[in-house]
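Q: Here is my input, please return the structure:
(chains A and B)
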Amino acid sequence: MNTIIQCQGVSQAFGSKKVLQQLDFTLQQGEVAALIGPNGAGKTTLFSILCGYLKPDSGNVLLFGHKPGSAALFGKVAALPQDAQFDPAFSIGEQLDFYGRLQGLSSKAARAETERVLALVGLSEQRQHKAGALSHGMRKRAAIAQAFIGAPQLILLDEPTAGLDPVNALQIRQLISRLSAEVSFVISSHNIFELEQLCNKVLYLEQGRLKTETNSNADSQQQYLTLQLEQDDSAAVTQALSALPGVISIEAVQQKTLLLCYQAQQNADFDLAVLQCLAANGWRYRNLTKGKTLEQKLFSSV
Amino acid sequence: MANPLSTIQQCRLYAGFELQRLWLTRRGLMTLAATAVIWFFLLRYAIAPASDLISADGFQQFFRDVFGSGGLTQLFSWPAPELAVYWVLSLLILPTFCLFFTANQLCSDLERGTLRFLALRSSRAGIVLGRFCGQMLVQGSLILLTLAATLSLAAWREGGISLAMLTAAIVIAVNLLLVLLPFTALMSCFSAMVRSARLAVSLAIVSLGLVFALLSWFIFYFPDYLFVMGYLPGTQVLQLIQLQGWITLQHALLPLAQTAVLLTAATLLLKRRML
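A: Purely as a prediction, here's the structure:
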């Protein structure tokens, strides 16, 4: 596997406030990483460092083996920076054309590329409009469109669906999901549901430190199922499921929600056994998810 | 997969985009309209009457009697008096206009975050140099337009345009661009430091004033260092007024060197700052 991002001992302070402290992590090709953390945890600062907008006080950051901001990364690394706005003097189309030209495309290819990326975010009709004439959501989608110009291999998205209506947010999620087969992503968001859908790696930042670096593909013999019931039959269900082979523990994490821990080696079809048990007892369920939810992984100890 | 552009190619694109901003955007057209109005008044109420005065034999004789045959009397050697007045007027007022006109090379983009989009696709040196070249192209366009208007005025009075007048116009254009180079580069520096064009202008005026005041004070006590004054941007202007023709280029080296230093400083400033 190729390492795309390599961060070693990255620290950053603004005045006396330490924003990032000794961050170490890597991102491999094909991984989609979620960058999570409370407000002020250092997510945007880390984004700025990865994009080359800010040089860290100490530590090494390499993207594809090059320092952020290097000429070798132009067109290879794209980003949706937080709060960045288009130039109000030019239309969205003119600016995207210009960005394409800066990435080395010919005028004709840049125009075609603008059409393509605007279509990706559903803004083909807005090509001639200036940023000021667009709604907040449209401006956000146009900013996302600029990140898809050319053939980037790594896309850093800071709050990509914040401020978007549900339909457009869904479209953007589908777009990221579709492209994630070819492109690596780092996505910062407070929407855990969204990150759970899109990401296979989690970087949890808290007070500038990397608290958790988890990989959802981690192969472990001890596995989890999250079961959400229609009705609150938790006690009876727990009792029945505890009799299934391979069960290690059953925990009621919320009302009507059980977290089942089991030995995969002992019972490879544990999920089927659970469904059969529910059907046999006439218990209806709303949702059965493999593994812990991202929320449980990150905050179960809180 | 497209190849990354060299800094020169990036400069060319940025400069072209700035030219597009002048000619194809509403704001640019407003700038052109404002320039046209200002220069209409200058041509109508300053250059035209002054040209009539200069072309009068009696005035030239009077001027020579008072100031001698050197220095400012060189103004009478210009092939058209309109060009002579344009030369003096432009040399004196354009550097000040330049501070205001070129203040927004980077500030607004820094404030809006647009530079974050650009920095993912081009080097910071490319951005600084490209914007600088763009501003020079824009100023060059405006100078050519106003020179064309001045030439038209001279042609209307003299009944045609001579080759000497055209050559003189080219000399003026080249020299004005040389004079404006360090001022534009100075604004590259200030616009890389702050997030508002107004603040960049204020900073430029205060800094230039402060440097001049401090140097004057220093030279008062150490007169041997008077030559240092000659390294300030625009100090060659008073010498240029007294010259005419291609000999004016003997003062080209200083603004070129000042520009190189200031652009290097602007690039370093932008490289060091967080976008």
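
Q: how close does the residue nearest to B:Y86 when sequence neighbours are not counted sit to chain A?
A: Distances taken as Cβ to Cβ, 6 or more residues apart in numbering or on different chains put B:T150 closest to B:Y86, at 4.5 Å, once the chain neighbours are dropped. The way it works is simple: take the backbone N, C-alpha and C, and place the C-beta from them, glycine included. In this view, B:T150 and chain A are 30 Å apart by Cβ to the nearest Cβ, to the nearest Å.

Q: And for B:T150, the neighbour number?
A: 27 (other Cβ atoms under 10 Å in any protein chain shown).

Q: Could you check which helix or strand contains it?
A: Using DSSP states H and E, B:T150 sits in helix B:124-158.

Q: I figured the residue nearest to B:Y86 hits B:E82, correct?
A: Yes: using Cβ atoms under 8 Å, B:T150 is in contact with B:E82, at 5.1 Å.

Q: Helix, strand, or coil at the residue in the stretch 151-300 of chain A that chain B sits nearest to?
A: Residue of the stretch 151-300 of chain A nearest chain B, by Cβ to the nearest Cβ: A:A151 (5.7 Å). Secondary structure, DSSP: H, G, I helix; E, B strand; the rest coil: A:A151 is coil.

Q: thinking again about what came up before, okay, and the common contacts of B:T150 and B:E82?
A: The contact sets of B:T150 and B:E82 overlap at B:I47 (Cβ atoms under 8 Å, 6 or more residues apart in numbering or on different chains).

Q: before we move on, the earlier item: show me what contacts the residue nearest to B:Y86?
A: Contacts of B:T150 by Cβ under 8 Å, 6+ apart are B:L43, B:I47, B:E82, B:L83, B:Y86, B:A169.

Q: Strands of chain A, start to end?
A: A:3-14, A:17-28, A:32-36, A:58-63, A:77-80, A:154-158, A:184-188, A:201-206, A:209-215, A:222-229, A:247-254, A:257-263, A:285-290 (DSSP state E).

Q: lowest-confidence stretch among the ones you listed?
A: When the strands of chain A are compared by mean pLDDT, strand A:209-215 comes last with a mean of 77.

Q: Please tell me how far B:V179 sits from B:V88.
A: 12 Å (Cβ to Cβ, to the nearest Å).

Q: Between these two, which has more neighbouring residues?
A: Between B:V179 and B:V88, counted using other Cβ under 10 Å, the more crowded position is B:V179 (23 against 19).

Q: in a strand, that's where that one is, yeah?
A: No: remark: B:V179 does not belong to a strand; assigned using three-state DSSP, it is helix.

Q: pretty sure it is touching B:I93, no?
A: No: counting by Cβ under 8 Å, B:V179 does not reach B:I93; the two are 11.1 Å apart.

Q: now the contacts of B:T150 as JSON lines including secondary structure, pLDDT and neighbour count?
A: Shown next, in JSON lines, are these (DSSP: H, G, I helix; E, B strand; the rest coil; pLDDT from 0 to 100; neighbours: other Cβ atoms under 10 Å in any protein chain shown):
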{"residue": "B:L43", "secondary structure": "helix", "pLDDT": "91", "neighbour count": "20"}
{"residue": "B:I47", "secondary structure": "helix", "pLDDT": "90", "neighbour count": "25"}
{"residue": "B:E82", "secondary structure": "helix", "pLDDT": "92", "neighbour count": "28"}
{"residue": "B:L83", "secondary structure": "helix", "pLDDT": "94", "neighbour count": "25"}
{"residue": "B:Y86", "secondary structure": "helix", "pLDDT": "94", "neighbour count": "31"}
{"residue": "B:A169", "secondary structure": "helix", "pLDDT": "96", "neighbour count": "23"}
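
Q: And for the nearest residue in space to B:E82 that is not next to it in sequence, the neighbour number?
A: What sits nearest to B:E82 in space, not counting adjacent residues and going by Cβ to Cβ, 6+ apart, is B:A154, at 4.1 Å. Applying other Cβ under 10 Å, we find 26 residues neighbouring B:A154.

Q: and the gap between B:A154 and chain A?
A: 36 Å.

Q: give the contact list for that residue.
A: When contacts are counted by Cβ under 8 Å, 6+ apart, B:A154 is found next to B:S51, B:A80, B:P81, B:E82, B:L83, B:I161, B:M165.

Q: Which helix or strand contains the first one?
A: Taking DSSP H and E as the criterion, B:S51 maps to helix B:48-55.

Q: next one: the last one
A: Counting by DSSP H and E, the element that carries B:M165 is helix B:163-193.

Q: what residues does the stretch 151-300 of chain A put near chain B?
A: Residues of the stretch 151-300 of chain A found near chain B (Cβ under 8 Å from any Cβ of the partner chain) are A:A151.

Q: how does it look with 10 Å?
A: Proximity of the stretch 151-300 of chain A to chain B, by Cβ under 10 Å from any Cβ of the partner chain, involves residues A:A151, A:P152, A:Q153, A:L156.

Q: Make CSV out of the residues you listed and add neighbour count and distance to B:L199.
A: Below are those laid out as CSV (neighbours: other Cβ atoms under 10 Å in any protein chain shown; distance: Cβ to Cβ, whole Å):
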residue, neighbour count, distance to B:L199
A:A151, 14, 40
A:P152, 22, 35
A:Q153, 19, 39
A:L156, 27, 31
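
Q: Now for chain B, the helix or strand with the poorest mean pLDDT.
A: Here the helix or strand of chain B ranked lowest by mean pLDDT, DSSP states H and E is helix B:57-67, holding a mean of 74.

Q: low-confidence ranges in chain B?
A: For chain B, the stretches flagged by pLDDT under 70 are B:1-2, B:67-72.

Q: Tell me which residue lies nearest the centroid of it.
A: Centroid-nearest residue in chain B: B:L180, 2.5 Å away (criterion: Cα atoms, centre = their mean).

Q: Roughly how far does that residue sit from chain A?
A: Distance, B:L180 to chain A, by Cβ to the nearest Cβ: 23 Å.

Q: and the nearest residue to that residue once chain neighbours are set aside, what is it in contact with?
A: Excluding the flanking residues, the one nearest B:L180 by Cβ to Cβ, 6+ apart is B:C98, at 5.0 Å. Contacts for B:C98 were tallied using Cβ atoms under 10 Å, 6 or more residues apart in numbering or on different chains; they are B:135, B:139, B:176, B:179-184, B:186-187, B:204, B:233-234.

Q: Quick check: the farthest pair among those?
A: Across those, no pair lies farther apart than B:L176 and B:A204, at 19.0 Å, counting by Cβ to Cβ.

Q: just checking, A:Q29 touches A:N2?
A: Yes: A:Q29 is within contact range of A:N2, at 4.3 Å (criterion: Cβ atoms under 10 Å).

Q: overlap in contacts of these two?
A: Contact criterion Cβ under 10 Å, 6+ apart; residues shared by A:Q29 and A:N2: A:F64, A:Q153, A:S184.

Q: picking up where we left off before, the residue nearest to B:L180 belongs to a strand?
A: No: using three-state DSSP, the assignment for B:C98 is helix, not a strand.

Q: how much space between it and A:Q266?
A: 80 Å.

Q: what's the answer for A:L62, then?
A: A:L62 is 43 Å from A:Q266, by Cβ to Cβ.

Q: Compare these two and say which is more crowded by neighbours.
A: Neighbour totals were compared for A:L62 and A:Q266, and A:L62 leads with 16 against 13 (other Cβ under 10 Å).

Q: Run through the residues of the stretch 51-200 of chain B sitting next to chain A.
A: B:108-109, B:111-124, B:126-127, B:130.

Q: more neighbours, A:Q29 and A:N2?
A: A:Q29 (14 against 10).

Q: Please list all residues in contact with the more buried one.
A: When contacts are counted by Cβ under 10 Å, 6+ apart, A:Q29 touches A:M1, A:N2, A:T3, A:I4, A:F64, A:Q153, A:L154, A:E182, A:V183, A:S184.
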